[in-house]
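Peer 1: When you get a sec, could you give me coordinates for this:
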Amino acid sequence: MEIKEYRITLPVSVEEYKIGQLYAVAEASKNETGGGEGIEVVENEPYSDHAKYGSGQYTHKVFHLSKKVPSVIRLLAPKGSLEVHEKAWNAYPYCRTEYSNPYMSDNFYIYIDTWHREGEGEENVHKLTAEELGNRVVVDIDISDNNCVAPSDYKEDEDPTKFHSEKTGRGPLDCEGEWKKNDHWPKMTCYKLYQVQFKWWGLQTKVQSIIFKAVRRLLTNFHRQLFCWLDLWFGMTMEDIRELEEKTKGELDRLRREGEVRGDRKST
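Peer 2: Next up is the predicted model:
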């Protein structure tokens, strides 16, 4: 098992991020769904008094991926092996997310513990043991660093160094990180602790490396979008978000039935 902690600092408050994250998740999911592929929302309901994760919002999603993998894998893979289940307990500002695959059972999982805190630079938010700290690798993600974005992912309207928020006056973000010293803007950090297990003889190290590479790309692109969509979600309420999520669920179901395959497709 590998442990990595990703830290992403943004010019928003913890309360603002709560809305922005849910908005961005709902919008981004549409770009990954269509033609029998993509995201199915199975459950999205409040929960209370969980022994570990307190009270909050529980979601269960299924990612249908069969057409987004090489065709030779589709031919060899058993039924159900190309589905990934996501279960999340959102007790904001803490959130627990778990990914699993029915076919691989305990041989594959991704556990993500996330804390959202004002400011930046806390060293042991997750209260890890000395042994866990020794195994942990910290990865800082700077959303203003365009060098960390693949050319195929770059979009000018999702570039924090060019975006200026009309509603809040925030941005653009200079690529040297000087924006973090701006006392007029709020500042918070996501501390996302990933524990990844992939037990498959001969493939474990390679696959875990691929997973972590994909995680960094996902977190970078997602948080760049979240900031650059600031004027779209700023001022929304949780009631607005729940209404959006319900509408998005229906749209995702329709896109999976009727739309074309979207997102990264690797079927050759």
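Peer 1: was I right about Tyr58 contacting Glu43?
Peer 2: Yes - with contact defined as Cβ atoms under 8 Å, Tyr58 reaches Glu43; the gap is 6.4 Å. No exception for glycine: its C-beta is placed from N, CA and C like everyone else's.
Peer 1: So between these two, which is more surrounded?
Peer 2: Tyr58 (18 against 11; other Cβ atoms under 10 Å).
Peer 1: which stretches of the stretch 151-268 of the chain have low pLDDT?
Peer 2: 259-268 (pLDDT under 70).
Peer 1: 80 instead, please
Peer 2: Applying pLDDT under 80 to the stretch 151-268 of the chain flags residues 175-176, 200-203, 257-268.
Peer 1: how about the helices of it, start to end?
Peer 2: In the stretch 151-268 of the chain, the helices defined using DSSP state H, counting those that start in this stretch lie at 204-228, 230-233, 238-258.
Peer 1: What is the shortest one packed up against?
Peer 2: In this case it means helix 230-233. If you count contacts as 3 or more Cβ pairs under 8 Å, 6 or more residues apart in numbering; DSSP states H and E, helix 230-233 packs onto helix 14-30.
Peer 1: Can you pull out the residues in contact with the helix it packs on?
Peer 2: 10, 12, 38-39, 92-93, 116-118, 186, 188, 190, 222, 225-227, 229-230, 232-234, 236-238, 241, 244-245, 248, 251-252, 255, 262 (Cβ atoms under 8 Å, 6 or more residues apart in numbering).
Peer 1: of these, buried ones?
Peer 2: Buried members of these, scored by 16 or more other Cβ atoms under 10 Å, are 10, 12, 38-39, 92-93, 116, 186, 188, 190, 222, 225-227, 229-230, 233-234, 236, 241, 244-245, 248, 252, 255, 262.
Peer 1: re the thing from before, what's the closest of the helices of the stretch 151-268 of the chain to Lys155?
Peer 2: Evaluated with Cβ to Cβ, the helices of the stretch 151-268 of the chain place helix 204-228 nearest to Lys155, the distance being 8.6 Å.
Peer 1: what helices or strands is the closest one leaning on?
Peer 2: Judged by 3+ Cβ pairs under 8 Å, 6+ apart, the packing partners of helix 204-228 are strand 2-10, helix 14-30, strand 136-141, strand 188-198.
Peer 1: Buried residues, that helix. List them.
Peer 2: Across helix 204-228, burial judged by 16+ other Cβ under 10 Å covers 208, 211-212, 215, 219-228.
Peer 1: burial of Leu133, as a residue count?
Peer 2: Using other Cβ under 10 Å, Leu133 is surrounded by 14 other residues.
Peer 1: what's the helix or strand for it?
Peer 2: Leu133 belongs to helix 130-135 when assigned by DSSP states H and E.
Peer 1: Contacts for that helix next, please.
Peer 2: With contact meaning Cβ under 8 Å, 6+ apart, helix 130-135 is reached by 2-3, 124.
Peer 1: re the thing from before, now for the buried residues of helix 204-228: which two are most distant?
Peer 2: Gln208 and Cys228 (30.7 Å).
Peer 1: so Glu37 bridges to which residues?
Peer 2: Beta bridges link Glu37 to Gly34, judged by DSSP bridges.
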